[in-house]
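Asks: quick one: sequence plus predicted model below, questions after.
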Amino acid sequence: MPGDLLKISGLSRSFGGVQAVAGFDLRIGADELLCIIGPNGCGKTTLFNLISGHLRPSFGSIQFKGAEITGMAPHLVARSGIGRKFQVPSIYEDLSVSENLAVADFAEPGRKGLGGLFTSRTGNDRRLANLIGLIGLEELAGAPAGHLSHGQRQWLEIGMVLATGPDLILLDEPTAGMTRQETERTAQLVQAMNREQGVAVILIEHDMWFVETLKCAVAVMMQGQVIAKGDYDTVRELDMVKEAYLG
Amino acid sequence: MIRTALSHMKTESLVAGILLVVLLLLPLGASSWLLSDLSIYFSYALFAASLAFVWGHCGLLCLGQAVFFGLGAYAMSLVTLGMVPGVEGMVSTWLGFAAAIAVPALAAQLLGRFLFHAQGLQGAFFGIVTLAVAFIVERLFINWDFVGGLNGLMNVPPIVLGLNGDGYELWEAVPLYYAALFVLVLGFSVLAALMRSRWGLALKAVASHEMRTKSLGYDTAHYKTTAFSIGAAIAGLAGALFVVQFGFVSPSLIGFGLSAEVLIWVALGGRGMLVAACAGAILVRVLESNLSSVFGDTWLLLLGGLFIVSVMFLPRGLVGEAIHGLDRWRAKRRKGGSTPRGKAVERLSPSEYTAR
């Protein structure tokens, strides 16, 4: 079907004898927001590693914007327009908040290496100022990222991924370890980037309250496969989901 | 107005500026002995700056940086001695400098392709391989008769300003001093400008968290290879600057011994700041020439001890720690006085931030 932003078919990856991802199928439209839930060890993070190029699949194919990206190197996957936020906040602790964003902003001209220094910067400062406002860190622009709280780190990393101008963002447990308030703020941020910036989002989540707040489509993953897909209210009523996950 | 400009300058740049003024004025009062010693040390300082860039800024602990210094020295010598097969008539110092920059850069490019692109070597593994390379290259040059083997190449001409080995020779202490200082400032400025650019920031990001940087779309192997080559080019330039003054090049310039020495200078001075690394190199050399006669064989022990102390207790290095202390003092003083707040996105150093 044309119009699919990301199309995954028959994706499998095994470690030794364990099938972490087993015949996974998924389609995502250009401005969709999808939440993948599932018990620990069901292969969610492996799935992200396969999409972002950090792992090679054993079988199956991943198509992004109609092009095959299966097995491509991580930086090439990122260039094709897939941004990823890692589970453990991954920021540059010894750089300031604005420098963190500047690194992400330079990713595109930086493809030319040193030649990237000769590209024009018009509009970039305003874009970065908007972005730093969106993630709510204006006051801390000059602060070293290592001084940020856990929640602020997560937002900064989301901001960095957004600064590269992706079409699809993979968020790996963005609210892990967050307070209720921070979680709420994160939900707003995710909705803002999905609706206002038109970025498709796939997120892995454990916090059902967060998923409920987002009011998005939910896919339930178990033993490396999607076993159910629908909106939050439909999915939570499924017996197997209740049993396996919601308790 | 000058005062406010000075008080807003980064401490590191301020220190570099002050040192430069002192060095520029030094020939007014110093003996020509000291000047010619210092001009040689300037080549060591530039060499140290190249390692501070590669190690301190890009996180590549290169244990064989002298390979590039030596390659630069040999390239300069072969050109100015008219030993390059096919172009024996070309003995221009300028061509020598070009070769001394290009040859090490190409060697590093080649090595980088293998180490970063093919193998993806990181951290200590990279260090170990560069160490092995230093040993191999040193052996190679000892057994290579064309470049004089163990004896090396003698009677390397000084800098000659003419286009092809003719014209004014830089031989006297004062002109040579200024020429060496000029080359040091030139190489230093190139590195400093690169480090402050967005490209330099990206390199720092590669050093700090490679996986994150890769996932932003950076070809980190390419970045590391380029940085490694630039460091090699500057080290080669330093080697050329050394040999045009020393007049003699031997395999001891290209091996592990000098690689370890430069590592000590940079660690003692401070790998986080170019100026600290340069000052470290000059300081150690000055101390060595004055104290090694007093301490005799214990000098090396003393130097080794200082190195260990600095690695364990002063990760910023002796000079780096001093500059950092000055930075904090200035930030505190500025906070006490009137602080004109800039816009929200102004850049603050971590210490200034803590001080607020």
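Replies: Structure's in. What do you need?

Asks: quick one: the helices in chain A, in order.
Replies: Ranges of helices within chain A are A:44-51, A:74-80, A:97-105, A:124-134, A:150-163, A:180-195, A:208-214, A:232-237, A:239-241, based on DSSP state H.

Asks: tell me the most buried of the ones you listed?
Replies: Greatest average neighbour count among these goes to helix A:97-105 (a mean of 26), per mean count of other CB atoms under 10 Å in any protein chain shown. To be clear about C-beta, it is placed using only N, CA and C from the backbone, and glycine gets the same treatment.

Asks: which strands and helices sit next to that helix?
Replies: In terms of contacts (3 or more CB pairs under 8 Å, 6 or more residues apart in numbering or on different chains; DSSP states H and E), helix A:97-105 is packed against helix A:124-134, helix A:150-163, helix B:198-208.

Asks: tell me if stretch A:27-47 is near chain B.
Replies: No: figure legend: stretch A:27-47 not in contact with chain B (CB under 8 Å from any CB of the partner chain); closest approach 13.8 Å.

Asks: CA-only coordinates of that stretch in PDB, if you can.
Replies: Taking C-alpha atoms only, stretch A:27-47 is exported to PDB below (Å, rounded to 0.1, in the frame of the first residue of the first chain):
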ATOM      1  CA  ARG A  27       2.800  -0.600   9.000                       C
ATOM      2  CA  ILE A  28       2.900   3.000  10.000                       C
ATOM      3  CA  GLY A  29       1.400   6.000   8.200                       C
ATOM      4  CA  ALA A  30       3.100   9.300   7.800                       C
ATOM      5  CA  ASP A  31       1.600  11.100  10.800                       C
ATOM      6  CA  GLU A  32       0.700   8.100  13.000                       C
ATOM      7  CA  LEU A  33       1.400   7.700  16.700                       C
ATOM      8  CA  LEU A  34       1.700   4.100  17.800                       C
ATOM      9  CA  CYS A  35       2.500   2.700  21.200                       C
ATOM     10  CA  ILE A  36       4.000  -0.700  21.500                       C
ATOM     11  CA  ILE A  37       3.300  -2.400  24.800                       C
ATOM     12  CA  GLY A  38       4.300  -5.800  26.000                       C
ATOM     13  CA  PRO A  39       5.900  -7.600  28.900                       C
ATOM     14  CA  ASN A  40       9.600  -7.500  29.600                       C
ATOM     15  CA  GLY A  41      11.700  -9.500  27.200                       C
ATOM     16  CA  CYS A  42       9.000  -9.600  24.400                       C
ATOM     17  CA  GLY A  43      11.500  -8.100  22.000                       C
ATOM     18  CA  LYS A  44      10.500  -4.400  21.900                       C
ATOM     19  CA  THR A  45      14.000  -3.000  22.300                       C
ATOM     20  CA  THR A  46      15.400  -5.600  19.800                       C
ATOM     21  CA  LEU A  47      12.800  -4.400  17.400                       C
END
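
Asks: how distant is the host helix or strand of residue B:228 from the center of its chain?
Replies: Under the criterion of DSSP states H and E, residue B:228 resides in helix B:220-246. In terms of CA atoms, centre = their mean, to the nearest Å, the centre of helix B:220-246 is found 8 Å from the chain centre.
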